[in-house]
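Peer 1: I'll drop the sequence and a predicted model, then ask my questions.
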Amino acid sequence: MTRSVSQDEPLVRLYTFALRLFPAAFRERYAPPMVQTFRDALGDSSLARRFLIPLVVRDLATSLAKEHLSMLRETFSRPALIYNALVLAALSSGLALALYSIPQHVLRSGADDPQIALAGDLMAKLEQGVAPADAVAPASVDIARSLSPFVIVYNDQGRPLASQAQLNGQTPIPPQGVFDYVRQHGEDRLSWQPVLGSVKGVRIATVIERVPSLNGGAGGFVLAGRNMREVEARIGQVSQMAGLTWMGMLGVILVGTAVFGWYSRPKAL
Amino acid sequence: MATESIPAAPLSSAVFAILLSLAEGEKTGSPATGPGRWGGKHGYLIMKDARSPQGGGVNMGPGTLYGSLDRMMRDGLVEQSGISDDERRRYYRLTDLGQTVLAVELSRLDAALASARSLGLVPDGGRS
């Protein structure tokens, strides 16, 4: 049994118009037979309109979503496209890491420069036989607050003999392991946190050197240090800039991959 | 591109209904051609078959039908017969792989039904 289709033309036109919402490749392949199928369904008098129209509306919604997802999957899940994007992402990650680590290293090692000079000068005085108390100029640097460089002289057991530095009213002393290392290697350069967890943010760019003899007796150590607050703030800025650059590069790769994927997508069969 | 492998069961209800509809046509033939000279079925006939209780009672619209047919052609389960009485109508028929896939799915469903029956889960008088 069939119905007259002339009165259905507005519905057919509306359906044809709705088919424009499908991905182009799918539409090119299937719009004419889909319209014809819809016509056939409208012409079938055994199929009630109150059943057919909601069915077609639901079907449009679900199949539109399905075909668009399918098209996106086909467009962007191509191995070559994903491989290229991953390679570019790896390269940009490496570049961002270099953008962070190179300036970080330069800033950190540059933070030791004044201490290297101070330790060298103090070593020269001590080697000439000047007593530690005389060799160290009188000063009191609160290392938690001040950014001024300071020096400390320790005896062979690591006890302070003369100091310009104060932290919580005392002369800070590095861990014994640091002295052991310097005894073996002659020098160490490190970032030292004098009292772990007690004074937030007190990290010292430290140069420590072995003195062969103090006052003609046993050897000792010369420590020159400086609060790293400003240097660490600059390193933080570098880290932030490198992070932003990294995210920017990943964003460009994502957008570029999407655009390239879209324009190079497989065309209709 | 057709892949000559059997898709993992279970099939979606739309795919199963389409395979069943085309297999039914394959078996009975059309009045014009008779069995063995099957020219295929067009979209609305498949939709109608699928909607019937014998066809699985699957209510699908043209979007689902042609989306499924597109993927089934890509998987090599169906093909266009090339025969048409109207250029806007396309006729589809099963491939050998499509018949195999349908047979595998029917066996799976049959085994599940037998199991359900042995457990007394199928009400008396239920269709087999």
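Peer 2: Looks like it arrived, so ask away.
Peer 1: helix or strand: which one has residue A:117?
Peer 2: helix A:113-127 (DSSP states H and E).
Peer 1: which secondary structure elements does that helix contact?
Peer 2: Counting by 3 or more Cβ pairs under 8 Å, 6 or more residues apart in numbering or on different chains; DSSP states H and E, the packing neighbours recorded for helix A:113-127 are helix A:132-135, strand A:150-155, strand A:204-211, strand A:220-227. For every residue, glycine as well, the C-beta is placed using N, CA and C.
Peer 1: out of the ones you listed, nearest to residue A:106?
Peer 2: Judged by Cβ to Cβ, the one of the helices and strands packed on helix A:113-127 that comes nearest to residue A:106 is strand A:204-211, at 13.3 Å.
Peer 1: the inter-axis angle of the closest one versus strand A:220-227?
Peer 2: Orientation of strand A:204-211 against strand A:220-227 (axes from the mean of the first three to the mean of the last three Cα atoms, to 10 degrees) gives an angle of 170 degrees.
Peer 1: hang on, the earlier thing: hey, which of the helices and strands packed on helix A:113-127 is tucked in deepest?
Peer 2: Stretch with highest mean neighbour count among the helices and strands packed on helix A:113-127: strand A:220-227 (a mean of 26; mean count of other Cβ atoms under 10 Å in any protein chain shown).
Peer 1: give the bridge partners for the nearest residue to residue A:186 once chain neighbours are set aside, please.
Peer 2: Spatial nearest neighbour of residue A:186, chain neighbours left out: residue A:210 (5.1 Å); criterion: Cβ to Cβ, 6 or more residues apart in numbering or on different chains. Beta bridges link residue A:210 to residue A:221 when assigned by DSSP bridges.
Peer 1: residue A:210 against residue A:183, yeah?
Peer 2: Yes - with contact defined as Cβ atoms under 8 Å, residue A:210 counts as touching residue A:183 (6.3 Å).
Peer 1: quick one, helices of the stretch 151-269 of chain A?
Peer 2: A:176-185, A:229-263 (DSSP state H, counting those that start in this stretch).
Peer 1: what angle do the longest one and strand A:204-211 make?
Peer 2: Think helix A:229-263. Going by the same axes, to 10 degrees, helix A:229-263 makes 120 degrees with strand A:204-211.
Peer 1: just to revisit the earlier point, export the helices of the stretch 151-269 of chain A to TSV and tack on mean pLDDT and distance to residue A:7?
Peer 2: Listed next are the helices of the stretch 151-269 of chain A as TSV, based on pLDDT from 0 to 100; distance: least, Cβ to Cβ, whole Å:
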stretch	mean pLDDT	distance to residue A:7
helix A:176-185	94	95
helix A:229-263	93	41
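Peer 1: what's the separation between the most centrally placed residue in chain B and residue A:24?
Peer 2: Centroid-nearest residue in chain B, with Cα atoms, centre = their mean: residue B:19, separated by 1.3 Å. Using Cβ to Cβ, to the nearest Å, we find residue B:19 at a distance of 28 Å from residue A:24.
Peer 1: now residue A:58: phi and psi?
Peer 2: With angles defined as degrees, to the nearest 10, residue A:58 sits at phi -60, psi -40.
Peer 1: enumerate every residue touching it.
Peer 2: By Cβ atoms under 8 Å, 6 or more residues apart in numbering or on different chains, the contact list for residue A:58 reads residue B:61.
Peer 1: next, the buried residues of the lengthiest helix in chain B.
Peer 2: Secondary structure of chain B read by DSSP state H shows that its longest helix is helix B:96-118. Neighbour-count burial for helix B:96-118, with 16 or more other Cβ atoms under 10 Å in any protein chain shown as criterion, is recorded at B:97-98, B:101-102, B:105.
Peer 1: might you report the residue contacts of the most centrally placed residue in chain A?
Peer 2: Centroid check for chain A by Cα atoms, centre = their mean gives residue A:243 as the closest residue, at 4.5 Å. Under the criterion of Cβ under 8 Å, 6+ apart, the contact list for residue A:243 reads A:96, A:100.
Peer 1: now residue A:131
Peer 2: By Cβ under 8 Å, 6+ apart, the neighbours of residue A:131 are residue A:215.
Peer 1: how near is residue A:153 to residue A:147?
Peer 2: 22 Å.
Peer 1: and what of residue A:251?
Peer 2: Applying Cβ to Cβ, the value for residue A:251 to residue A:147 is 38 Å.
Peer 1: quick one, what contacts residue A:114?
Peer 2: Residues counted as contacts of residue A:114 (Cβ under 8 Å, 6+ apart) are A:149, A:224, A:226.
Peer 1: ok, now with 7 Å
Peer 2: Residue A:114 is in contact with A:149, A:226, counting by Cβ atoms under 7 Å, 6 or more residues apart in numbering or on different chains.
Peer 1: tilt between the helix holding residue A:117 and strand A:204-211?
Peer 2: Going by the same axes, to 10 degrees, helix A:113-127 makes 20 degrees with strand A:204-211.
Peer 1: any idea how far helix A:113-127 is from the middle of the chain?
Peer 2: Put simply, helix A:113-127 sits 38 Å off its chain's centre (Cα atoms, centre = their mean, to the nearest Å).
Peer 1: kind regards, and thank you for your time.
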